[in-house]
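Peer 1: The sequence and its predicted three-dimensional model are supplied below.
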Number of protein chains: 2
Amino acid sequence: MPTPGEIEDFSGFKAFLRRVNLSRREICREVYEAHRGAIKIKKEKTLAKNLLRIFDGALRISNEKGFRAMTMRSLSRETGMSTGALYGYFSGKEDLLEMLMSTGQRTTWHILRESMAQVSHPLEKLRVAVRTHLFLSEAMLPWFYFGYMEARHLDPRHKERAVAGELRTEQLFADILEEGVRMGIFAVSNPLLLASLIKAMVQDWYVKRWKYAKRGISVDRYAGQVIDFVEAYAVSLEGQMKAPRRTPVARSERRRK
Amino acid sequence: MPTPGEIEDFSGFKAFLRRVNLSRREICREVYEAHRGAIKIKKEKTLAKNLLRIFDGALRISNEKGFRAMTMRSLSRETGMSTGALYGYFSGKEDLLEMLMSTGQRTTWHILRESMAQVSHPLEKLRVAVRTHLFLSEAMLPWFYFGYMEARHLDPRHKERAVAGELRTEQLFADILEEGVRMGIFAVSNPLLLASLIKAMVQDWYVKRWKYAKRGISVDRYAGQVIDFVEAYAVSLEGQMKAPRRTPVARSERRRK
DNA sequence: GTCTATAGAGCGATAGAC
DNA sequence: GTCTATCGCTCTATAGAC
């Protein structure tokens, strides 16, 4: 168990990055494992280097103009590789789409589960779930933005999977809330609906990222605000009594002084 | 001034529709006024009829596949008009985009201002602003969805205008919160940030409309939930004492019993 | 010399505005 | 219906690493 000081550090975005070791190399490797068949490149070193270039370029163009508007020629220009070379790294545009789509979700679920395993109190679970989700989206902003914006253009098969992923994280929030209600910590009449609202706020962070950046709102700050907001509504009187300490000073305390 | 019974009715979605008289004809007329130059059709009756057909079709296709993926052929098929005929109603695809983009925003602002003029207490203002916004998006769902999803594909000039509109409604929420803080009704440390979160929740209603429909959540219900949620966080002790009665029974009361 | 990755013109097909 | 621009993708000669 970490000391209180470590907990505080742990809750910060930088500490999160250190903890999950979410290197770009790591992401690349995950994608590669899932698309071995389509990749013709043999030497791992060149693969890693160029795959990252390709992802960067593809996400940059797609997030600005849309995936459909990204041509292989434009991707070639952006990455500095020839169109012919590009096809060593994926079997077609469809395949590239698949890589870009699945990565955000897979990583989210992977790290979210890992983070959740370390806490048991519903209130703490809620905080960790919100923070982790926000931090992840911050660390992989282009991937999240891409997944959010392009999901609706997918063919039915892939779209269904994207929707399922969306609902699964929402259900995670709902489960936490329900557990808290059963334990008397939360007082929420419709956990699933509140979960939807939480998800909406989390998504706004990466969909409107430019806005928050311009206002100097850090992801730490945003996470704290969302958590305070949710707790002010969801935490029951009983829950308030025995709530774990938070940093910064919990809003509910400020209000009742 | 309406009696309490009328207030309750007034807060419902159907009553809202009756009040604002937001007929499709009305919307069409507004658009027409703004694009007189590009329209070659003379007889107002045929204009109105076909313009509505075109908007319906264009929104349906665009909201499913994206505006860029909508071809004049597909629009022709959807509307049952020849491609040649379509060009009597707009000067080009770009022009059609402009029509579709601006309408949601213009109408929102128009009706929002009108609704806000009738209330003065910040708490009531907040409720009216949230409800009105949600109800409007419900009444003009395809328009709102289109505006939200296609904004990022606009050329810089139009995009800037879309962003400005977004910020303006957000600022409306922030202004209400700030006024409430000055009056001691609200206790909010960062009104603009909270306003952003409110907007995020409002947008989720029309972006994820299919989800809420499947769960049987009505717009009335959703509005009530958002308002309760915001008030649990934002309303100060003083504000709770002298808050206007709400329907259904205010959540803050339920919690303190 | 061998194996790997690249360049980039070219092909066939199609989409898409008018 | 027509005509054009463009797109995804392939192919092969070549450059480069070891």
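Peer 2: Arrived safely.
Peer 1: Can you give me every residue that contacts A:Glu26?
Peer 2: By CB atoms under 8 Å, 6 or more residues apart in numbering or on different chains, the contact set of A:Glu26 is empty. All C-beta spots, glycine's among them, are computed from the backbone N, C-alpha and C.
Peer 1: measure it to A:Phe144 for me?
Peer 2: Using CB to CB, to the nearest Å, we find A:Glu26 at a distance of 16 Å from A:Phe144.
Peer 1: and what of A:Val202?
Peer 2: Distance of A:Val202 to A:Phe144, given as CB to CB: 10 Å.
Peer 1: Overlap of the contact sets of the two?
Peer 2: By CB under 8 Å, 6+ apart, A:Val202 and A:Phe144 have these common neighbours: A:Ser137.
Peer 1: Within range of DNA strand D, give me the residues from the stretch 1-150 of chain A.
Peer 2: Residues of the stretch 1-150 of chain A lying close to DNA strand D (CB under 7 Å from any atom of the strand) are A:70-73, A:83-84, A:87, A:92-94.
Peer 1: top of the residues you listed by neighbour count?
Peer 2: Neighbour counts for those, by other CB atoms under 10 Å in any protein chain shown, peak at A:Met70, which reaches 22 neighbours.
Peer 1: Show the pLDDT at the residue in the stretch 1-150 of chain A positioned nearest to DNA strand C.
Peer 2: Of all residues in the stretch 1-150 of chain A, A:Gly84 sits closest to DNA strand C, at 1.6 Å by CB to the nearest atom of the strand. According to the prediction, A:Gly84 has pLDDT 96.
Peer 1: repeat for A:Phe13
Peer 2: Looking at A:Phe13, its pLDDT reads 93.
Peer 1: Check the burial of it by counting its neighbours.
Peer 2: Here the number of neighbours of A:Phe13 (other CB under 10 Å) works out to 18.
Peer 1: Help me confirm that it comes into contact with A:Gly224.
Peer 2: No. A:Phe13 is beyond contact range of A:Gly224, at 11.1 Å (criterion: CB atoms under 8 Å).
Peer 1: neighbours of the closest residue in space to A:Gly57 that isn't next to it in sequence, just the number please.
Peer 2: Excluding the flanking residues, the one nearest A:Gly57 by CB to CB, 6 or more residues apart in numbering or on different chains is A:Glu78, at 3.7 Å. A:Glu78: 16 surrounding residues under other CB under 10 Å.
Peer 1: State whether A:Glu78 is indeed within a strand.
Peer 2: No. Read with DSSP: H, G, I helix; E, B strand; the rest coil, A:Glu78 is helix and lies in no strand.
Peer 1: Contact residues of the stretch 51-200 of chain A facing DNA strand C?
Peer 2: Checking the stretch 51-200 of chain A against DNA strand C by CB under 7 Å from any atom of the strand, the hits are A:80-85, A:88.
Peer 1: Could you name the specific helix or strand carrying A:Ala58?
Peer 2: Using DSSP states H and E, A:Ala58 falls within helix A:44-65.
Peer 1: sec struct for A:Val188, please.
Peer 2: coil.
Peer 1: Quick check: A:Arg131 vs A:Val119, distance?
Peer 2: Counting by CB to CB, the separation of A:Arg131 from A:Val119 is 11 Å.
Peer 1: Please apply the same query to A:Ala174.
Peer 2: Remark: distance between A:Ala174 and A:Val119 (CB to CB) = 17 Å.
Peer 1: Neighbour count for these two, which is higher?
Peer 2: Higher neighbour count among A:Ala174 and A:Val119: A:Ala174, with 21 against 16, using other CB under 10 Å.
Peer 1: wait, what's in contact with the more buried one?
Peer 2: A:Ala174 makes contact with A:191-192, A:194-195 under the criterion CB under 8 Å, 6+ apart.
Peer 1: Quick check on the residue nearest to A:His35 when sequence neighbours are not counted: phi, psi?
Peer 2: Excluding the flanking residues, the one nearest A:His35 by CB to CB, 6+ apart is A:Met99, at 5.9 Å. The phi and psi torsions at A:Met99 (degrees, to the nearest 10) take the values phi -60, psi -50.
Peer 1: surely A:Met99 meets A:Tyr89?
Peer 2: No. Counting by CB under 8 Å, A:Met99 stays clear of A:Tyr89, with 9.2 Å between them.
Peer 1: between those two, who's got more neighbours?
Peer 2: The neighbour comparison of A:Met99 against A:Tyr89 (other CB under 10 Å) goes to A:Tyr89, with 24 against 21.
Peer 1: low-confidence ranges in the stretch 151-257 of chain A?
Peer 2: A:243-257 (pLDDT under 70).
Peer 1: residues near the residue in it that DNA strand C sits nearest to, how many?
Peer 2: Residue of the stretch 151-257 of chain A nearest DNA strand C, by CB to the nearest atom of the strand: A:His153 (12.2 Å). Using other CB under 10 Å, A:His153 is surrounded by 17 other residues.
Peer 1: From B:Val219, how far out is it?
Peer 2: Plainly put, A:His153 is 27 Å away from B:Val219 if you go by CB to CB.
Peer 1: go on, A:Glu33?
Peer 2: Applying CB to CB to A:Glu33 and B:Val219 gives a distance of 44 Å.
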